[in-house]
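S.K.: The following comprises the amino acid sequence and a computationally predicted model.
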Amino acid sequence: MKVICTKSAENFVTPGTLTTLSGNPVYSDFMNESTGEWNNHVDLGLWADIMLIAPCTANTLAKMAAGQSDNMLLATFMSAKCPVLFSPAMDLDMFEHAGVQENIKTLQDSGRVYIEPRTGELASGLVGKGRMPEPEELLAEIENVLKKDKKWYGKKVVISAGPTHELIDPVRFIGNYSSGKMGYAIATAFAEHGANVHLVTGPTSIPKPEGIKIYQVKSADEMYAAVTEQFIDADVAIMSAAVADYKPKNSSDQKIKKEKTDGLSLELVKTPDILASIGKSKSKTQMVIGFALETQNELANAKGKLERKNADMIVLNAASAAGGVFGADENKVSIVTKTEVLDIPQMKKTKLAFTLCDIIFEKYENHS
């Protein structure tokens, strides 16, 4: 990161502070007074992958719109070939002025990205629109612009991950050994490729990734409800969760005491079939991917699942993978579609997630 500071900005933040935070010298003049060297604004404009002007005052805004370049910032702006974001920040009456609004429109029409100011208390004491967004909000805007060049940008992807817990009583449940590592890795890979990721997760101890909408559930019923709701307007659904096939027909509100019985019989009923449900309801443009873990007749069972669930793809986990599947850091899978079987060698789940992301994208482009 490199910082360009106007002379007025130096009255609010010292160049030394910005140098420390950015790890680079701060540019404010065309000539470096300490070295006597020229600060090349053209090189700066070509160097940047993205340029953010914040806070953008009414004066700088007007000069940008008019094509003036009487300082280092404006000259670099005019040389920039990368996306430029501008975040106006000023008093309420200034922001509402017709000239300011026209300048904002001029810059937007020229392809610059406008970050709307926030409403709140202003330096004048007035309350209204004109505050610069918080740094975290500006960073989110930058990330959103950078995502536009990525393959999954603008696509909503729903992913399920982890196990489900089907309650026997308040302290006991039917579950499985799923850690959620594969599903979380897939969610991260799709998010980094620009997707709008909605992760429906059962109980796991994995840190929650940033930039992903997360829905935490416990039971198969809860996961079914969350996935069904989010799938309505999704482009792709990837069901990697290890959902319990059965649940107790009745669960106790109180802990079942061992002393009161010599044995315990549970009547089990089927849980909702999430994959089959969304496979049945999907539109022609939606794509559904399921996961399967088989211990015998693996390929035949995966192909059968593909057909029964009306899925577009089944990711077949190899139960024979070194280290097992549940909880392991590596996995070996086969991609099963109606027309082919693609074997993927064993690798780290984090790497496998990006491999799956690429494969699914290729299938999705042909699908839609």
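M.R.: Happy to help now that I have it.
S.K.: alpha carbons only for contacts and neighbour counts from here, please
M.R.: Will do.
S.K.: could you pull out the helices for the stretch 51-200 of the chain?
M.R.: Assigned by DSSP state H, counting those that start in this stretch, the helices in the stretch 51-200 of the chain fall at 58-66, 72-79, 92-96, 98-109, 135-147, 181-192.
S.K.: and Gly162, what does it touch?
M.R.: Contacts for Gly162 (CA atoms under 8 Å, 6 or more residues apart in numbering) come out as 178-181, 183, 201-204, 240-243.
S.K.: In ChimeraX, how would I select the buried members of those?
M.R.: In ChimeraX, a selection of the buried entries from the contacts of Gly162 looks like this (16 or more other CA atoms under 10 Å):
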select :178,179,180,181,183,201,202,203,204,240,241,242,243
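S.K.: one step back: what's the most buried one of the helices of the stretch 51-200 of the chain?
M.R.: For the helices of the stretch 51-200 of the chain, the largest average neighbour count (mean count of other CA atoms under 10 Å) is found in helix 181-192, namely a mean of 24.
S.K.: Where does Leu316 fall, secondary structure wise?
M.R.: strand 313-318 (DSSP states H and E).
S.K.: Hmm, I typed the wrong one, I wanted Asp262.
M.R.: Judged by DSSP H and E, Asp262 forms part of no helix or strand.
S.K.: Can you pull out the low-pLDDT segments for the chain?
M.R.: Counting by pLDDT under 70, the ranges of the chain that qualify are 33-36, 260-261, 319-327, 368.
S.K.: at 80 instead, please
M.R.: Within the chain, the segments meeting pLDDT under 80 span 11, 31-39, 147-149, 258-263, 295, 318-327, 367-368.
S.K.: What residue spans form the domains of it?
M.R.: Domain ranges of the chain: 3-147, 156-367, per automatic domain parsing.
S.K.: most tightly surrounded among those?
M.R.: Stretch with highest mean neighbour count among these: domain 156-367 (a mean of 18; mean count of other CA under 10 Å).
S.K.: Work out the gap between that domain and the centre of the chain.
M.R.: Chain-centre distance of domain 156-367: 18 Å, with CA atoms, centre = their mean, to the nearest Å.
S.K.: Quote the end-to-end distance of that domain.
M.R.: 16 Å (CA to CA, to the nearest Å).
S.K.: In its sheet, which strands sit next to the strand holding Leu316, and in what direction?
M.R.: Applying DSSP bridges to the sheet, strand 313-318 is found paired with strand 287-294 (parallel), strand 330-336 (antiparallel).
S.K.: Turn the ones you listed into TSV, columns for distance to Met94.
M.R.: Shown next, in TSV, are the strands paired with strand 313-318 (distance: least, CA to CA, whole Å):
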stretch	distance to Met94
strand 287-294	49
strand 330-336	58
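S.K.: From the rest of the structure, what touches stretch 95-106?
M.R.: Contacts of stretch 95-106 (CA under 8 Å, 6+ apart): Ala58, Leu61, Ala62, Ala65, Ala89, Met94, Tyr114, Lys129, Gly130.
S.K.: CA atoms only for that stretch - export them in PDB, please.
M.R.: Taking Å, rounded to 0.1, in the frame of the first residue of the first chain, the C-alpha atoms of stretch 95-106 are listed here in PDB:
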ATOM      1  CA  PHE A  95     -22.800  17.300   0.300                       C
ATOM      2  CA  GLU A  96     -26.300  18.200  -0.800                       C
ATOM      3  CA  HIS A  97     -25.100  21.100  -3.000                       C
ATOM      4  CA  ALA A  98     -26.100  20.700  -6.600                       C
ATOM      5  CA  GLY A  99     -22.600  21.200  -7.800                       C
ATOM      6  CA  VAL A 100     -21.200  18.400  -5.500                       C
ATOM      7  CA  GLN A 101     -24.000  16.000  -6.700                       C
ATOM      8  CA  GLU A 102     -23.200  16.800 -10.300                       C
ATOM      9  CA  ASN A 103     -19.500  16.200  -9.700                       C
ATOM     10  CA  ILE A 104     -20.300  12.800  -8.200                       C
ATOM     11  CA  LYS A 105     -22.400  11.900 -11.200                       C
ATOM     12  CA  THR A 106     -19.700  13.000 -13.600                       C
END
